[in-house]
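S.K.: no sequence on this one, just coordinates:
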């Protein structure tokens, strides 16, 4: 399978715990995005990488959130001291660096904070 | 600021009916891209179509067709002869083109849930 892969698919955690999600983009894609989707809403942009450089973070990304893409390949999104409001689907997408092609999305990680 | 509005929260039709999903957008950019994605229950967003702001030609792909009207800032999606497998949430999205970082992040609407009854 050469699509975008996300792990885990589901995560249940207690409030206050830290969680980390992984995204493996399509191998030749330089651009990588993280989005958050809450129930009944469309995805919202969180952050953007071009290769290993994190070039942009939205205001939705509080200080408790950190994302990395250490070698320009896979990416991780960590949430520290989780809160119930963090419960959502976290989607990763990737696209090539050339042109304006569509982004390819993974199946997401559904986080539930109890 | 960019905004995408999908006023129809949920639509229910009977199989073989035609259905149109509405999308209205706002942007100050003169160059932009519009997209439609399908999200089945599995959760993965599936790309359907991309249009750039300079190409207002309507497009047909099988049972799917798209009507882009720049004058009304609309990009509507029609499914002809709907099928049960078309049941999903459909999202319209607008691309934010940033020349300095190359970001192509999407601004999504809130989605329209389509239920096709057998």
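M.R.: Here it is on my side, so go on. This structure is a prediction, so every number in the text was calculated from the model and none was measured. Residues are numbered from 1 along each chain as shown, chains lettered A, B, ... in the order given.
S.K.: check contacts around residue B:89.
M.R.: Residues near residue B:89 by Cβ atoms under 8 Å, 6 or more residues apart in numbering or on different chains: B:38, B:39, B:111, B:112, B:113, B:114. Backbone N, C-alpha and C define where each C-beta goes, glycine included.
S.K.: Next one, pLDDT for the nearest residue to the second one once chain neighbours are set aside please.
M.R.: Spelled out, it's residue B:39. Distance criterion Cβ to Cβ, 6 or more residues apart in numbering or on different chains; nearest residue to residue B:39, sequence neighbours excluded, is residue B:89 at 4.5 Å. For residue B:89, the pLDDT comes out at 97.
S.K.: who does residue B:89 bridge with?
M.R.: When assigned by DSSP bridges, residue B:89 has beta-bridge partners residue B:39, residue B:113.
S.K.: gap between it and residue B:106?
M.R.: 15 Å (Cβ to Cβ, to the nearest Å).
S.K.: on that earlier part again, which of the contacts of residue B:89 are buried? Put it as a ChimeraX command.
M.R.: Buried subset of the contacts of residue B:89, written as a ChimeraX selection, criterion 16 or more other Cβ atoms under 10 Å in any protein chain shown:
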select /B:38,39,111,112,114
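S.K.: can you list the contacts of residue B:89 in a markdown table and add pLDDT and distance to residue A:55?
M.R.: Putting the contacts of residue B:89 into a markdown table (pLDDT from 0 to 100; distance: Cβ to Cβ, whole Å) gives the following:
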| residue | pLDDT | distance to residue A:55 |
| --- | --- | --- |
| B:38 | 96 | 29 |
| B:39 | 95 | 26 |
| B:111 | 97 | 27 |
| B:112 | 98 | 32 |
| B:113 | 97 | 34 |
| B:114 | 97 | 35 |
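S.K.: If we only consider the contacts of residue B:89, which is nearest to residue A:76?
M.R.: Nearest to residue A:76, judged by Cβ to Cβ, of those is residue B:39 at 23.8 Å.
S.K.: Was I right to think the closest one contacts residue B:45?
M.R.: Yes - at 5.3 Å, residue B:39 counts as touching residue B:45 under the criterion of Cβ atoms under 8 Å.
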